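> using only what follows, build the 3D model:
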Amino acid sequence: MATFQTMVSIPELSEVTLESWYKFLTTLKTVELGPHVGPTSAAIVASWTIFSEHARIVAFQALEYIVCTLGPDLRQHLEEIVDLSVIEELEPLYFRLKTLRGTSSSEQELQRILNQSSSDNPTVTTQALRELKSFMMKDHKDYIRQITSGDIFDPRVGQILASLLTTACRDNGDGSEGIRLLSFECIGVLGAVDPDRCEIAYRNTNMVVMKNFTDEGESMVFALHLIQDLLVGAFRSTSDIKYQSHLAYSIQELLKFCQFTPALVTNGGASVPIKARNRWGSLPKHVLETVTPLLEGRFKLTNSSNTNIQHPIYPTQSTYREWIQLWTTHLITRASGDTAQRIFGVFRSAVRNKDVVVAHHILPHLVLNILISGNDDDAASVRTEILTVLEDQVDLESNSTSDKKLLSAQVKIQFIRMLFCTDRTVFQAVFMLLDHLNKWVRVVRQEFSSKKSDSKRARPDRANLQVEEQLLRLDSILSNIDQSLMAKAAFQCKAFARSLMNFEQQIVTLRERGVGQKDLSEYYEKLHEIYAHLDEPDGMEGVSTLIWAPSLEHQIRQHESTGRWTSAQSCWELRLQESPDSVDFHLGLLRCLRNLGHYGKPITNFQFD
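Numbering: from 1, shown residues only. Here you go, the predicted model:
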């Protein structure tokens, strides 16, 4: 299917691709055809304009076979067919499809589009977003206005936002930019809805391996997590045949690790252990459809390791993508323990592809494994890598590009915060790693606390002593990371909430050492600036009482946060007297004049070349 979708968009190859595709469709049984209905219709609609006359005839025949010949038997798969009415030649099939689907309400139509937009296939997602844009702007404009009105919005508003923000965060290298732009256009059409009037669902698929791959059951669960929440989505979304084969190898090997064999589907699983059958049965339908053919896969990996790696890696790489891929590839070779090496070793080829999703996902697990059980040299190199990235964020003379610096801290958009906060709402790559490590520490401590409170428990066993030793080792590494550096790096990356947390920790530490209030003024000024970025006027008012001699910048932030624009204007004019060529000061004054309604003054008082 990936081959068909790739080749059909090439004008010179579209005819022969469609002919092969048509034969493929007519050869499959109805049950087997179902999962291919959506991608087939999306690919044809997306590439229709480049088709020759003969190619369009074959494409029409393929869709006619799906809709008219097998339509009554496809049932729920009919909902996966994209909007055919956008192509004039396909309108007869559109009306036939509409008859088969029956009458649907606005809610049902919206749900169908949202289901398609969450598809792993980028072509299907793109077409669904175009349908959603038309749905909100033209076809059902009154319905959208209705569900976004009132004190509490309809739950579907939150569903729309969650879907759009999820698609906007996609980064699989295959048409991601187009999907992002369409997502933002749809968000613009929906409008700036009040976040307090709707609830946006968020499904957290992250997992923390607590026993460091020494427990077989937990390791199996982690392998299933990688298959279900990472590899299947990447496999279904890419049209890069080489990358798909790398992902197929990873899935194939993890299926073997989970003790899945072809007997699960050939003879009903009678000869398969019951635990393996239960694990297999726990997988969702779309996952089973993808991985079942790989039970008999024969993909092989050609080993090619790079031993000449200079540490730290970050300064030697020109882009964020190159850095995270090379670092993850290196850490795979340093994984500690046979089970960890077996699990992470299957990703050696997948993480080197243009897609960094896989590297993003497994990096924190690798770092945790190496820090708590790897050798001291590897742990030291990881710590050095983290500090190098943080120091680069605050180094004003750094040679790194702004994109590399930001993305090196960036890993995954927390989409709820992306819409409603001002800190660009990204989790930083290094911060993401530290969050993962801190979560492991927190959960382990909670477990120890509960065990100590259990009076029936005897003396600690060997496994608990080992975990306690790992906890002390990791805690030592985390405590040695400079909080001031963390705070400054977070501020530079516009992760203001995280910067606030780190600055507050520093203030608490300094207070415990007996540092006076006057000596803490610099920290309070920084808190005041952070509160301004977070749009927290109450926090600004509170911290202002602790500052002995407020600076002019402090007064400007205070005036602007409370809407005292005349006072702010006076402060900006004073700053301009000191530095008349400062663009930032001119912009500040213009902002004041705009908010005061003096729209003519910027034109009369400022001359632009």
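
> distance between the ends of stretch 145-157?
Between the start and the finish of stretch 145-157 there is a gap of 10 Å, counting by Cα to Cα, to the nearest Å.

> off-centre distance for it?
Centroid displacement of stretch 145-157 relative to its chain, using Cα atoms, centre = their mean, to the nearest Å, is 27 Å.

> any weak-confidence spans in the protein?
Along the chain, the parts satisfying pLDDT under 70 run over 171-175, 267-270, 303-307, 354, 396-428, 452-461, 600-609.

> need the longest helix for it.
Longest helix in the chain by number of residues (criterion: DSSP state H): helix 429-452.

> in the next helix or strand after that one, what's buried?
Sequence order places helix 462-479 as the next helix or strand after helix 429-452, per DSSP states H and E. For helix 462-479, the buried set under the neighbour-count rule, 16 or more other Cβ atoms under 10 Å, comprises 466-467, 470-471, 474, 477. Using the backbone N, CA and C atoms, a C-beta is placed for each residue, glycine as well.

> what comes into contact with helix 462-479?
Helix 462-479 has contacts (Cβ atoms under 8 Å, 6 or more residues apart in numbering) with 211-212, 214, 368, 371-373, 379, 383, 434, 437-438, 440-441, 444-445, 448, 451, 460.

> which among those end up buried?
Applying 16+ other Cβ under 10 Å to the contacts of helix 462-479 flags 212, 214, 368, 371-373, 379, 383, 434, 437, 440-441, 444 as buried.

> what is the nearest of the buried residues of helix 462-479 to residue 567?
Lowest distance from residue 567 to the buried residues of helix 462-479 (Cβ to Cβ) belongs to residue 477, with 48.0 Å.

> for the buried ones among the contacts of helix 462-479, give me TSV that also has distance to residue 4.
Listed next are the buried ones among the contacts of helix 462-479 as TSV, based on distance: Cβ to Cβ, whole Å:
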residue	distance to residue 4
212	43
214	44
368	40
371	44
372	46
373	45
379	47
383	47
434	43
437	43
440	43
441	48
444	49
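
> tell me what the longest helix of the chain is packed against?
For helix 429-452, the packing partners by 3 or more Cβ pairs under 8 Å, 6 or more residues apart in numbering; DSSP states H and E come out as helix 357-373, helix 376-394, helix 402-409, helix 462-479, helix 483-492.

> looking at the ones you listed, which is nearest to residue 155?
Smallest distance to residue 155 across the helices and strands packed on helix 429-452 (Cβ to Cβ): 29.2 Å, for helix 357-373.

> can you point out the buried residues in the closest one?
Judged by neighbour count using 16+ other Cβ under 10 Å, the buried positions of helix 357-373 are 357-373.

> any idea how far residue 163 is from the nearest residue in space to residue 161 that is not next to it in sequence?
Distance criterion Cβ to Cβ, 6 or more residues apart in numbering; nearest residue to residue 161, sequence neighbours excluded, is residue 200 at 5.3 Å. Here residue 200 is placed at a distance of 10 Å from residue 163 (Cβ to Cβ, to the nearest Å).

> how about residue 504?
Distance of residue 504 to residue 163, computed by Cβ to Cβ: 36 Å.

> the more surrounded of the two?
Legend: neighbour count by other Cβ atoms under 10 Å for residue 504 and residue 163, higher for residue 163 (25 against 15).

> residue 24 contacts residue 8, doesn't it?
No: using Cβ atoms under 8 Å as the test, residue 24 is too far from residue 8 to be in contact (12.0 Å).

> the more surrounded of these two?
Between residue 24 and residue 8, counted using other Cβ under 10 Å, residue 8 has the larger neighbour count: 27 against 15.

> with adjacent residues omitted, what lies nearest to that one?
Nearest residue to residue 8, sequence neighbours excluded (Cβ to Cβ, 6+ apart): residue 17, at 4.6 Å.

> and residue 509, by the same measure?
The shortest distance from residue 509 to any non-neighbouring residue, by Cβ to Cβ, 6+ apart, is to residue 483 (7.6 Å).

> I figured the one you found was touching residue 504, is that so?
No: counting by Cβ under 8 Å, residue 483 does not reach residue 504; the two are 9.8 Å apart.

> what is the neighbour count of residue 539?
For residue 539, the number of neighbouring residues by other Cβ under 10 Å comes to 17.

> which SSE is immediately downstream of the helix or strand containing residue 568?
Residue 568 belongs to helix 565-578 when assigned by DSSP H and E. Per DSSP H and E, the first helix or strand lying C-terminal to helix 565-578 is helix 583-595.

> please name every helix or strand in contact with that next one.
helix 552-561, helix 565-578, helix 601-605.

> quick one: distance of it to the chain centre.
On Cα atoms, centre = their mean, the centre of helix 583-595 falls 36 Å from the chain's centre.

> list the buried residues in that helix.
Buried-residue list, helix 583-595, by 16+ other Cβ under 10 Å: 585-586, 588-590, 592-593.

> quick one, it and helix 552-561 angle?
Angle, helix 583-595 to helix 552-561, by axes from the mean of the first three to the mean of the last three Cα atoms, to 10 degrees: 30 degrees.
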